[in-house]
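Undergrad: Next come a sequence and a model predicted from it.
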Amino acid sequence: MVGAAEQVTWGTGRRKTAVARVRIKRGKGAIVINRRELNDYFPTVREQEAVLAPLRATNSAGQWDVISRVTGGGPTGQAGAVSLGIARALKLVDPNTEDRLRAEGLLTRDSRMKERKKYGRKAARRSFQFSKR
C-alpha cells in the first residue's frame, strides 16, 4: 500500500517552566527540536545526554525519529521536558518499557518550580537589609 499513514505517538513533557510536545515514529534516529537538529539546539553534552536517556534506557536509540516543539524555560528545563515527553511516548508505544524507564527515573515529573516573589520582600525569600540603628 503506497502512502500508508505512519504510526505517530505523542508525549508531553514539562520541567520548570518548559513544555515539550514530542512526537515519535519509527525511523532512522533523527532528533529534531524546534526544527533544528539535536546537536544544534542543545550544544552542551549534558543536555544531549538528557534528551537521549529514554532511548538509551530502552535500547531503542536509532530506531525512532523524534520531532519536538519546546517552549518556555531555559536549556536545562527544555532538555528535561523533551526527555519526559520521549519517555511517555515510548511507554505508550511499548508498555513493557515502563519498568526500565521508571527505574531510571525518566517517567517521574520533576515538580520543582521557582518560588514566587512575596510582597514586602526583595525576592522570594530575600528580605531587605536590616539596620539596627
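TA: That came through, no problem.

Undergrad: max-length helix in the chain?
TA: With secondary structure taken from DSSP state H, the chain has its longest helix at helix 75-93.

Undergrad: Which other helices and strands does that helix contact?
TA: Here helix 75-93 touches strand 9-15, strand 18-26, helix 45-57, strand 64-71, helix 98-103, going by 3 or more CB pairs under 8 Å, 6 or more residues apart in numbering; DSSP states H and E. From N, CA and C alone the C-beta is placed, and that goes for glycine too.

Undergrad: by how many degrees do the third one and strand 64-71 diverge?
TA: Between the axes of helix 45-57 and strand 64-71, defined by axes from the mean of the first three to the mean of the last three CA atoms, to 10 degrees, the angle is 140 degrees.

Undergrad: In this structure Gly13 contacts Lys91, no?
TA: No. Gly13 is not in contact with Lys91 according to CB atoms under 8 Å; the separation is 11.9 Å.

Undergrad: Tell me which of these two has more neighbours.
TA: Remark: of Gly13 and Lys91, Gly13 carries more neighbours, 26 against 22, as counted by other CB atoms under 10 Å.

Undergrad: How about the contacts made by that one?
TA: Neighbour list for Gly13: 19-20, 22, 80-88 [criterion: CB atoms under 8 Å, 6 or more residues apart in numbering].

Undergrad: quick revisit: name the residues of the longest helix of the chain that come out as buried.
TA: 75-91, 93 (16 or more other CB atoms under 10 Å).

Undergrad: Equivalent analysis for stretch 53-73, please.
TA: Buried residues in stretch 53-73 (16+ other CB under 10 Å): 53-55, 57-58, 60, 64-68, 70, 73.

Undergrad: Let me know the closest of those to Ala30.
TA: Asp65 (4.8 Å; CB to CB).

Undergrad: Quick check, that closest one in contact with Gly27.
TA: Yes. Using CB under 8 Å, Asp65 is in contact with Gly27, at 3.1 Å.

Undergrad: Sounds good, over and out.
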